[in-house]
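turn this into a model:
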Amino acid sequence: MYILGYFLQAVAFVLGALIQVAIIAVVVRAVLSFVSPDPYNPLVRLIYQLTDPMLRPVQRLLPPWNGMDFSPLVVLMGLYFLDIFLVQTLNRFAHSLL
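Numbers count the residues shown, from 1 in each chain. Model (predicted):
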């Protein structure tokens, strides 16, 4: 069973790293919305391509209120929930198998 435990530890680590990258991308996107950067900049386009699939569904459900877009906040809360609940649950389950 220890092989399954190590596998779950690896999955939890990779999932946690991906969630952290997504969190950083959403924060950068929120900061970029305040400075209105060049939309043709490759880095800006990359940030938008990474975050659009996460933000669009929330933006459809939660329209801007008084000109403020709260979708990054909702997505960040969801990502932190996944990080705390899912990743830590996988880690604890993996440690119980070792």
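
could you use CA atoms for every contact and neighbour count after this?
Will do.

could you point out which element follows the helix or strand where Val21 lies?
Assigned by DSSP states H and E, Val21 belongs to helix 2-35. Helices and strands here follow DSSP H and E; after helix 2-35, the next one along the chain is helix 42-61.

that next one - what's its average pLDDT?
The average pLDDT within helix 42-61 is 94.

before we move on, back to that, name the helices or strands packed onto the helix holding Val21?
helix 42-61, helix 71-82, helix 88-97 (3 or more C-alpha pairs under 8 Å, 6 or more residues apart in numbering; DSSP states H and E).

one more pass at 6 Å, please.
Judged by 3 or more C-alpha pairs under 6 Å, 6 or more residues apart in numbering; DSSP states H and E, helix 2-35 is in contact with helix 88-97.

convert the C-alpha atoms of the helix it packs on to CSV, please.
Output in CSV follows, covering the C-alpha atoms of helix 88-97 (Å, rounded to 0.1, in the frame of the first residue of the first chain):
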residue,chain,number,x,y,z
GLN,A,88,-4.5,18.4,2.5
THR,A,89,-7.1,15.5,2.4
LEU,A,90,-5.0,13.7,-0.2
ASN,A,91,-1.8,14.3,1.8
ARG,A,92,-3.4,12.9,5.0
PHE,A,93,-4.8,9.9,3.2
ALA,A,94,-1.4,9.3,1.6
HIS,A,95,0.3,9.5,5.0
SER,A,96,-2.2,7.0,6.5
LEU,A,97,-1.2,4.5,3.7
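
buried stuff in it?
Neighbour counts over helix 88-97 (16 or more other C-alpha atoms under 10 Å) mark 88, 90-91, 94 as buried.

ok, stretch 63-73 next?
So for stretch 63-73, counting by 16+ other C-alpha under 10 Å, buried means 69-72.
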